[in-house]
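Visitor: kindly return the folded structure for what I paste below:
(one chain, ligands or ions: 2)
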Amino acid sequence: MTRPTPKTFRVKSFGCQMNVYDGDRMAELLADQGMAPAADGADADIVVLNTCHIRERAAEKVYSDIGRLKREDGSRPMIAVAGCVAQAEGAEIGRRTRDVDIVVGPQAYHRLPDLVARAARGERALDTDMPADSKFGALPGRSRRQRPSAFLTVQEGCDKFCTYCVVPYTRGAEISRPWDAIIDEAKALVDGGAREITLLGQNVNAWEGADPAGRVQGLDGLIRALDRLPGLARIRYTTSHPQDMRQGLIDAHRDVEKLMPFLHLPVQSGSDRILKAMNRSHDADSYLRILDRVRAARPDIALSGDFIVGFPGETEADFEATLSIVRAAGYAQAYSFKYSARPGTPAAAMAGAVGDAVMDERLQRLQVLINAQQQAFNDATVGRRTTVLFERPGKLPGQLIGKSPWLQSVHVVDPDAAIGDIATVDLLSAGPNSMAGALAAKKAA
Ligand code: 5AD
Ligand code: SF4
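Guide: Ligands and ions are numbered 1, 2, ... in the order given. Have a look, this model is predicted:
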C-alpha cells in the first residue's frame, strides 16, 4: 500500500542519553526534509519509536507501543522502529507485525529520508547496516534552537564486552568522532542557545583523537578545548568506564572550572568474583583507588554509579560485597537493576540463575542504602550558595527546575528566574531526589 509522504512527525526516545541525542538528530533530519513536529496531543503522520534493548521486555514494550498508535478508524501513522531493538531484532519485527514500515538501526538513521520515501512507495524498509562511513557526516547541521543543556555524542560503541551487555552488538565497535566535528557541533549548540554540553559515549572516557596540531588527545584534551568556547558555561560527560579513567581526565576535574563536579562511574558489583564473571577489567579495590584519586583532585565531586543485582552465580556474600562497596564509595545518586539475560550475550548461557524473589529482595536492600546516600548527599548541600542552570518549568505555578553543579534537580519559584539562566541560588532544603532553593540575588534591572 502506498502512503502519502508524511508532513508531520513525532520521535519518542527510550533508554539512555545517547538515544535522546539520536532522537534529536532524527527530528532535525526530518525537519530538514520539510516535515514539522506534530503539536502536543495531535496525530503525527510518522512516528519514530527510538527503542532501547538494555533490559527485559524491551521488545514487548515496542509491540504494545505500536498497538497504541492505531487510531479509532483503524488507520495508523507511518511507523519507524529505530534504536537498539531495531538493531537487535530487525528481521524479527518484520515477521511479527505488519504495522511497522521502517526498521532502522542506531548507525543507519542518517538514511531515514530515503527509508521514508521507500515506505511511502509501499515498501517495507529495513536498514540495520553499520556502515564504515559514520552517519555523523551525513546528518544536517544542528538546529538553531537548542535546550539550555544539550547532549553531544563524541564516542559510540563498545569493545569491552561485559558478559551481560547487548551494547557491543547493538551499537558496534568503539569509535571516536573526530576533533573538528565535535568542536564545530559544540559551537553550533552554543549558537543555538545551549549553556551546558554533556559529552556522550557508551565509553566516553575512551574518546581519543588528534587535535588540529596533530597531537593525540584524550577526553581531557577535548574538555580543555571546549573550556575555551565563549558562551559555553558548563561541561559534563557520561558514561565512563573505570578502565579508561586516566590521570589527565582526573586532573581536568581539578583544573577546568567549567567541568562540573560530577562523575558517573559504574562499578556494577562489589564482588571480585562476580566482576570477573562480568568480564569487568577492574576489581572492587582498584575502583575505590580511582575514586581516591578523583576526590584528591576534586573533593566535592558527586559520584554516580550503576549496579546489577542477581548476576548468575551471585551469592548472598557477593551481594553483601556490593553493599560494602556502596558504603565505601559514597554515592550522590545511583541506578540499580535486576540482572536480565540478554539473548546472545555470554552471561545468558551461564549457570546459577538467581530467582526473581531473591533479586527483588536484594534490589530492595540496595535501593534503601542508595536512597539514604542520596538523601545524605543532598542534606550536606543544604545551606550552600551555588549556581543553577534553569532547564524547564516545574509543576507549581511560577516554578522552575534546574541543575546544580552536582546534577541535583533544584526547584525555585521566583519571577526573576528564567529558563536558560545560570543563577546564584541558596539551597534551602533537601529531599532524596531534589532540592528547594531561592535566588540569592535579584538580577540587575
Ligand atoms: N541486565 C541488567 N542491567 C543491565 N545493564 C546493562 N545490561 C544489563 C543487563 N543485561 C545496566 C548496567 C549498565 C546500565 C546502563 O544498565 O548497570 O551500566
Ligand atoms: Fe539502551 Fe544501550 Fe541502546 Fe542506550 S545503547 S538505547 S542503553 S541498549
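
Visitor: all contacts plus neighbour counts: C-alpha atoms, from now on.
Guide: OK.

Visitor: got the residue ranges for the helices in the stretch 301-445 of the chain?
Guide: Taking DSSP state H, counting those that start in this stretch, the helices of the stretch 301-445 of the chain run over residues 316-329, 356-381.

Visitor: pLDDT of the first one, averaged?
Guide: Summarised as a single mean, pLDDT over helix 316-329 is 98.

Visitor: just stretch 294-305 next, same as before
Guide: Rounded mean pLDDT across stretch 294-305 is 98.

Visitor: just the CA atoms of that stretch, as PDB, please.
Guide: The C-alpha coordinates for stretch 294-305 follow below in PDB (Å, rounded to 0.1, in the frame of the first residue of the first chain):
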ATOM      1  CA  VAL A 294      39.300  11.700  41.700                       C
ATOM      2  CA  ARG A 295      38.400  13.000  45.200                       C
ATOM      3  CA  ALA A 296      42.000  14.200  45.700                       C
ATOM      4  CA  ALA A 297      41.600  16.300  42.500                       C
ATOM      5  CA  ARG A 298      38.000  17.400  43.200                       C
ATOM      6  CA  PRO A 299      36.900  16.800  46.800                       C
ATOM      7  CA  ASP A 300      33.300  17.900  46.300                       C
ATOM      8  CA  ILE A 301      32.700  15.500  43.300                       C
ATOM      9  CA  ALA A 302      29.300  14.000  43.200                       C
ATOM     10  CA  LEU A 303      29.600  10.300  42.400                       C
ATOM     11  CA  SER A 304      27.100   8.300  40.500                       C
ATOM     12  CA  GLY A 305      27.000   4.600  39.600                       C
END
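
Visitor: from Glu89, how far off is the residue in the stretch 251-400 of the chain that ligand 2 sits nearest to?
Guide: Ranked by CA to the nearest ligand atom, the top residue of the stretch 251-400 of the chain for proximity to ligand 2 is Arg342, at 10.3 Å. According to CA to CA, to the nearest Å, Arg342 and Glu89 sit 12 Å apart.

Visitor: which bits of the stretch 101-250 of the chain sit near ligand 1?
Guide: The stretch 101-250 of the chain comes close to ligand 1 at residues 164-165, as judged by CA under 6 Å from any ligand atom.

Visitor: these two touch, right, Val103 and Ala119?
Guide: No - in this structure, Val103 is not within contact of Ala119 by CA atoms under 8 Å, at 10.4 Å.

Visitor: now the common contact residues for those two.
Guide: Here Val103 and Ala119 share the contacting residues Ala125, scored by CA atoms under 8 Å, 6 or more residues apart in numbering.

Visitor: between those two, which is the more surrounded one?
Guide: More crowded of Val103 and Ala119, by other CA atoms under 10 Å: Val103, with 29 against 24.

Visitor: checking that one next. Helix, strand or coil?
Guide: strand (DSSP: H, G, I helix; E, B strand; the rest coil).

Visitor: need the contact list for it.
Guide: 80-82, 86, 90, 125-128.

Visitor: most neighbours, which of those?
Guide: Ala82 (32 neighbours).

Visitor: which ones are touching it?
Guide: Neighbouring residues of Ala82 by CA under 8 Å, 6+ apart: 48-51, 103-106, 109.

Visitor: bridging residues for it?
Guide: On the basis of DSSP bridges, Ala82 is bridged to Asn50, Val104.

Visitor: center of the protein, which residue is that?
Guide: Closest residue to the average C-alpha location of the chain: Gln17 at 2.1 Å, with CA atoms, centre = their mean.

Visitor: wait, that residue sits on Thr198?
Guide: No - with contact defined as CA under 8 Å, Gln17 and Thr198 do not form a contacting pair (9.5 Å).

Visitor: overlap in contacts, the two.
Guide: Common neighbours of Gln17 and Thr198, using CA under 8 Å, 6+ apart, are Phe151.

Visitor: count the residues that sit near Phe319.
Guide: Neighbour count of Phe319, defined by other CA under 10 Å: 22.

Visitor: isn't it up against Arg273?
Guide: No - here Phe319 does not reach Arg273: they are 10.9 Å apart, not a contact under CA under 8 Å.

Visitor: about what we covered before: got a markdown table for the contacts of Val103, with distance to ligand 2 and pLDDT too?
Guide: Supplementary listing: the contacts of Val103 in a markdown table, determined by distance: CA to the nearest ligand atom, whole Å; pLDDT from 0 to 100:
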| residue | distance to ligand 2 | pLDDT |
| --- | --- | --- |
| Ala80 | 15 | 97 |
| Val81 | 12 | 97 |
| Ala82 | 10 | 97 |
| Ala86 | 10 | 95 |
| Gly90 | 14 | 89 |
| Ala125 | 21 | 93 |
| Leu126 | 18 | 93 |
| Asp127 | 16 | 94 |
| Thr128 | 13 | 93 |
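
Visitor: part of a helix, is Met26?
Guide: Yes - looking at Met26 with three-state DSSP, it is inside a helix.

Visitor: quick one, what contacts the nearest residue to it once chain neighbours are set aside?
Guide: In this structure, Met26 finds its nearest non-sequential neighbour in Tyr109, 7.0 Å apart by CA to CA, 6 or more residues apart in numbering. By CA under 8 Å, 6+ apart, Tyr109 lies in contact with 26, 82, 135.

Visitor: run the last query once more with 10 Å
Guide: By CA atoms under 10 Å, 6 or more residues apart in numbering, the contact set of Tyr109 is 22-23, 25-26, 29, 82-83, 103, 115, 127-129, 135-136, 138-139.

Visitor: ditto for Glu320
Guide: Taking CA under 10 Å, 6+ apart, one finds 269-271, 326, 362, 365-366 in contact with Glu320.

Visitor: Val11 now?
Guide: Shown in contact with Val11 (CA under 10 Å, 6+ apart): 20, 22-27, 30, 37-38, 44, 46-50, 80, 82.
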